[in-house]
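this is a predicted model, with the sequence first.
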Amino acid sequence: MADLTSTFVGIKSPNPFWLASAPPTDKEYNVRRAFEAGWGGVVWKTLGSEGPPVVNVNGPRYGAIYGADRRLLGLNNIELITDRPLQQNLREIKAVKRDYPDRAMVVSLMVPCEEEAWKAILPVVEDTGADGIELNFGCPHGMSERGMGAAVGQVPEYIEMVARWCKQNTRMPVIVKLTPNITDIRKPAEAAKRGGADAVSLINTINSITSVNLDTMSPEPSIDGKGSHGGYCGPAVKPIALSMVSEIARHADTAGLPISGIGGVTTWRDAAEFMSLGCGNVQVCTAVMTYGFKIVSEMISGLSDWMDEKGHTSTADFVGQAVPNVTDWQYLNLNYVAKAKINQDSCISCGRCYAACEDTSHQAISMSPGRTFEVIDAECVACNLCVDVCPVEDCISMEQMAPGEIDPRSGKLVEKDYANWTTHPNNPGAVAAE
Amino acid sequence: MSNSQMTPRRAAGIAAGRLSADQLAENFDDLHAPYAPHEAAVAADRCYFCYDAPCVTACPTDIDIPLFIRQIQTGTPEAAAKTILTQNILGGMCARVCPTETLCEQVCVREVSEGKPVEIGRLQRHATDTLMEAGVHPFTRAKPTGKKVAVIGAGPAGLACAHRLAMHGHEVSLYDAAPKPGGLNEFGIAAYKSTDDFAAREVNWLMQIGGITLHSGKALGRDLEISSLQKEYDAVFLGLGLGGVSALRAAGEDRGGVEDAVSFIADLRQASDLATLPVGRHVVVIGGGMTAVDAAVQSKLLGAEHVTIAYRRDRAAMSASRYEQDLAASHGVNILFNAQPVAVHGNGAATEVEFEYTATQNDTLTGTGETTRIKADQVFKAIGQTLEDAPDGLKIEQGKIAVMGAGRTSQKGTWAGGDCATGGDDLTVTAVAEGRDAAQDIHTTLMG
Ligand SMILES: Cc1cc2nc3c(=O)[nH]c(=O)nc-3n(C[C@H](O)[C@H](O)[C@H](O)COP(=O)(O)OP(=O)(O)OC[C@H]3O[C@@H](n4cnc5c(N)ncnc54)[C@H](O)[C@@H]3O)c2cc1C
Ligand SMILES: Cc1cc2nc3c(=O)[nH]c(=O)nc-3n(C[C@H](O)[C@H](O)[C@H](O)COP(=O)(O)O)c2cc1C
Ligand code: SF4
Ligand code: SF4
Ligand code: SF4
């Protein structure tokens, strides 16, 4: 079995699977059971300043999006930070860390944007023996209206300032959790780095309304006939999270900044993908809220088997491996020519590829008597839509044309050399090729 | 009192009350229980929404299956029902009785690829049940055309024809020899396929369209003359079904206990208390179709101890589908292939049937000379039904009323469809399609 131990900003954990700051980490009872189940670490549910805790709504907090068979694909929540007293949380954090010294214990924090507030909370957290802190600049609802969470996360200057205060006032590593509710994720990441943060974690939840009740005309989840936007998470947000992670990982000013990947991590494979795009570890919330703590067993066995298969001995071997392959559209090789090919042995003749290509793409699939579907190479632009809609995995493949062949669609020779848009004759801003 | 005394399970001969009322109720419960809403959603999710879907092509009534399944999937089963009923007004019954394993589900791409079709029949039932439970009849009549059409036979063919004609604004007189409408839906279909008096409920629901006047107990040839009907009405449709029964042509056919399977099933369907319905301890059913399977299975469910279906050809030639054969086998019915009856033995009442084994040589079936005897105190003939009461003057082909195109008979102004007419399999759904299409043709002809 591969060695899954991970060291993230100096914090060691037996595996790279942490629980994200959320209900699963809101109390001692949960976290102890999570550790027993095998989770490598937790980010404790976000703590606020000393004083009367926030209050949550007393109606539904969650809404959901389903796939087939009510498989939960997306979850939305309007929960706030912890609604339990600060001192109780601190006592519990201390007790759990004492009993599980090998697990990562990071504490999420969200206090008003004043240095005094941070100066007050940092030492009491340090006292618990916690391994680090995560600054919650992400929460899109409830807290941002109070000038915290996403309200801070959307202003890079504030991020930088708060990160700096924290670095100055604690020995603990500082992770800045980013909100995806902005246009360019690189800006807050740069700010965190400038402020001295040790790492960023992303993504927090995305502003969302899951559905509208068409009888009451209230957004869901509905509290007494009204709803407000909540935070979206779960499998549906993974593509967005992966893209944001990759932006930070490959951006010159932030490259190398440790990243903790969050957003839709549900299986070992999701975790491996986040890590290949530069995340030192991952955090999970919705998947455990859906299936319970036990899923970590599958994550551990799956990642370990895959690492063995690939010959990786430690997670560091593949962290960031995919980053060099993320590029801008303009650098994609326009001389790469492919054609869809339907494997007639696995085709079940449903005709979905035909409907998709005929109605919405390039009329590049023919339908013959006997329900035989074939790609017309002279029309196929290799868009991949047929592959995506085909219900049979690997039935349609994209096959690269060999250099020297003639593309029957364009009538042009397939060049063997790489050439991209920057040098393309149709590009008004093309630079002359060397 | 012990249970065995209350229910004389193994009483000799043909006896009633072999099973307790509870057991009977359980035995004759729905063959395929209706879906719970979540089951329906999961089943609907399996449909790929195929392009030019093969299931539609295989449906004799051309129901837009992917569309109605998608309508179920998006939470609008009533809209799904309307999609179904627009093509097939007896979509509720067809959902229960269609041999889907040889129709839509046989060619479903998921059957072909993984041996597990989308359960089209059950989904269809889910949709139509939902609409009918809501008491909705989603069709309205066009304004009256002033045309009058006589429909003879209120089976699936006649009902589908009458409904479509009424929808187009014609005035329909629906005649049937039987005391109740429905044809074989009411008298023939296996009880566990049409529970809770569904056939009658469906007819009542269908009649809500208006413009159809039902005359039960009126037989063509006895109470009605084709020539006067042809004069009195603008068009006549014949949906007579097949009322006669083929003869066994075996010695001893007239012995006590030798009965017509269709009448046995009709009695069963009309029995208000199944415990009063007599059945043999040893039952032999002769035939190879759906009627044979239904008679055998229902005998078993009534408490017969040994039930055998004897069919003169091999398994592949049997017109009951493999699914039906397995259904019989799963109820403990023994199927004997390649055996033809030569005599029914007994002393007054039947006690045994003697069979001769057969073999097929050069496409002809011949007896091998070797025989076997099977104990039988009740013998059901299920070797096919024949056309009765066809009016004189109509061209007959292969024992059925010859039709061209959409049910046009050899006489102008007279159409026919369903089992009594040539073309198509003898199935409920085919009868519906033929009745509907004839109505469409009658409409175009009359409105020309
Ligand atoms: C036992 C049995 C089980 C079957 N099971 C199935 C099944 O599971 N699935 C399936 O798809 N098909 C099944 N079938 C076949 C199916 O029932 C028929 O194909 C279908 O009912 C034919 O419809 P129809 O309207 O042509 O005739 P019928 O249903 O036979 O209706 C004919 C009607 O005409 C009336 N009639 C007859 N003569 C006269 C007259 N002279 N004057 C007035 N009225 C008259 C009759 O009373 C009857 O109401 C089964 C058939 C039998 C016998
Ligand atoms: C009910 C709920 C409450 C959450 N509360 C917090 C929180 O207090 N602090 C925080 O930083 N993130 C919070 N999150 C966000 C999660 O930590 C995580 O970033 C997000 O759910 C994306 O990961 P996932 O797709 O694995 O769920 C919460 C999420 C949920 C669903
Ligand atoms: S790749 Fe695109 S263009 Fe080519 S056959 Fe598939 S859908 Fe059509
Ligand atoms: S979508 Fe796939 S399975 Fe369906 S017809 Fe096309 S290639 Fe065949
Ligand atoms: S063939 Fe099967 S999967 Fe395709 S549309 Fe019909 S029911 Fe759906």
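Cool, the structure landed. Ligands and ions are numbered 1, 2, ... in the order given.

what residues does the stretch 1-150 of chain B put near ligand 5?
B:47-50, B:53-55, B:65-66, B:69, B:108-110, B:118, B:120 (Cβ under 6 Å from any ligand atom). Every residue, glycine included, has its C-beta placed from N, CA and C.

then chain A?
A:C350.

could you say what helices and strands the lowest-mean-pLDDT helix or strand in chain A packs with?
Sorting the helices and strands of chain A by mean pLDDT, DSSP states H and E puts helix A:150-153 at the bottom, at a mean of 81. Counting by 3 or more Cβ pairs under 8 Å, 6 or more residues apart in numbering or on different chains; DSSP states H and E, the packing neighbours recorded for helix A:150-153 are helix A:156-169.

show me what counts as buried in the helix it packs on.
The neighbour-count criterion (16 or more other Cβ atoms under 10 Å in any protein chain shown) identifies A:P156, A:Y158, A:I159, A:E160, A:M161, A:V162, A:A163, A:R164, A:W165, A:C166, A:K167, A:N169 as the buried residues of helix A:156-169.

next SSE downstream of that helix?
The first helix or strand that comes after helix A:156-169 along the chain, using DSSP states H and E, is strand A:174-177.

isn't B:A406 right up against B:R436?
No: using Cβ atoms under 8 Å, B:A406 makes no contact with B:R436, being 9.1 Å away.

those two: who's more crowded?
B:R436 (27 against 18; other Cβ atoms under 10 Å in any protein chain shown).

export stretch B:416-433 as CSV, just CAs?
The C-alpha trace of stretch B:416-433 is given here as CSV (Å, rounded to 0.1, in the frame of the first residue of the first chain):
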residue,chain,number,x,y,z
ALA,B,416,-63.8,-4.6,-39.8
GLY,B,417,-60.9,-4.9,-37.3
GLY,B,418,-59.5,-6.8,-34.4
ASP,B,419,-59.4,-10.6,-34.2
CYS,B,420,-62.2,-11.1,-36.7
ALA,B,421,-60.3,-9.4,-39.5
THR,B,422,-57.2,-10.4,-41.4
GLY,B,423,-53.8,-8.9,-40.7
GLY,B,424,-52.0,-8.4,-37.4
ASP,B,425,-51.6,-10.6,-34.4
ASP,B,426,-54.6,-11.5,-32.2
LEU,B,427,-53.7,-9.1,-29.4
THR,B,428,-55.6,-6.4,-27.5
VAL,B,429,-53.2,-3.7,-28.7
THR,B,430,-53.5,-4.8,-32.4
ALA,B,431,-57.3,-4.7,-32.1
VAL,B,432,-57.1,-1.2,-30.7
ALA,B,433,-54.8,-0.1,-33.5
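
any part of that stretch near ligand 1?
Yes: shown here: stretch B:416-433 in contact with ligand 1 (Cβ under 6 Å from any ligand atom) through B:G418, B:D419, B:C420, B:D426, B:L427, B:T428, B:V429, B:A431.

which SS class is A:T46?
strand (DSSP: H, G, I helix; E, B strand; the rest coil).

nearest spatial neighbour of the residue of the stretch 201-350 of chain B found nearest ligand 2, chain-adjacent residues omitted?
Using Cβ to the nearest ligand atom, the single residue of the stretch 201-350 of chain B nearest to ligand 2 is B:Y323, 45.4 Å away. Closest residue to B:Y323 apart from its sequence neighbours, by Cβ to Cβ, 6 or more residues apart in numbering or on different chains: B:E101 at 4.2 Å.

likewise for A:I159?
Leaving aside its sequence neighbours, A:I159 sits nearest to A:A191 (Cβ to Cβ, 6+ apart; 4.3 Å).

also A:N333?
Take A:N333 and drop its neighbours on the chain: the residue closest to it by Cβ to Cβ, 6+ apart is A:Y418, 4.9 Å away.

max-length helix in chain A?
Counting by DSSP state H, the longest helix found in chain A is helix A:295-310.

which helices and strands does the very next helix or strand once past that helix pack with?
As assigned by DSSP H and E, the chain's next helix or strand after helix A:295-310 is strand A:338-342. When contacts are defined as 3+ Cβ pairs under 8 Å, 6+ apart, strand A:338-342 packs onto strand A:372-375, helix A:385-389, strand A:396-400.

repeat that for 6 Å
Helices and strands touching strand A:338-342, by 3 or more Cβ pairs under 6 Å, 6 or more residues apart in numbering or on different chains; DSSP states H and E, are strand A:372-375, strand A:396-400.

for the last one, packing partners?
Yep, that's strand A:396-400 we're talking about. Contacts defined by 3+ Cβ pairs under 6 Å, 6+ apart place strand A:396-400 against strand A:338-342.

for the strand it packs on, what is the average pLDDT?
For strand A:338-342, the mean per-residue pLDDT is 98.

touching that strand from outside, list them.
A:F373, A:V375, A:D377, A:C380, A:A382, A:C386, A:I396, A:S397, A:M398, A:E399, A:Q400 (Cβ atoms under 6 Å, 6 or more residues apart in numbering or on different chains).

how does it look with 7 Å?
When contacts are defined by Cβ atoms under 7 Å, 6 or more residues apart in numbering or on different chains, strand A:338-342 is touched by residues A:373-375, A:377, A:380, A:382, A:386-387, A:395-401.

please indicate which of those are buried?
Burial by neighbour count, 16+ other Cβ under 10 Å: within the contacts of strand A:338-342 this picks out A:F373, A:E374, A:V375, A:D377, A:C380, A:A382, A:C386, A:V387, A:C395, A:I396, A:M401.

so in terms of bridging, what pairs with A:M398?
A:A340 (DSSP bridges).

OK, contacts around it?
A:M398 makes contact with A:A338, A:A340, A:A382, A:N384, A:V387, according to Cβ under 7 Å, 6+ apart.

where in the chain is pLDDT low?
Picked chain A for this. Chain A contains residues with pLDDT under 70 at A:139-144, A:149, A:432-434.

meant chain B actually
Ranges of chain B meeting pLDDT under 70: B:1-7.

could you chop it up by domain?
Per automatic domain parsing, the structural domains of chain B span B:37-133, B:148-243+B:388-447, B:245-385.

I'd like the ones you listed as JSON lines, with distance to A:D359 appended.
Shown next, in JSON lines, are these (distance: least, Cβ to Cβ, whole Å):
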{"stretch": "domain B:37-133", "distance to A:D359": "9"}
{"stretch": "domain B:148-243+B:388-447", "distance to A:D359": "29"}
{"stretch": "domain B:245-385", "distance to A:D359": "36"}
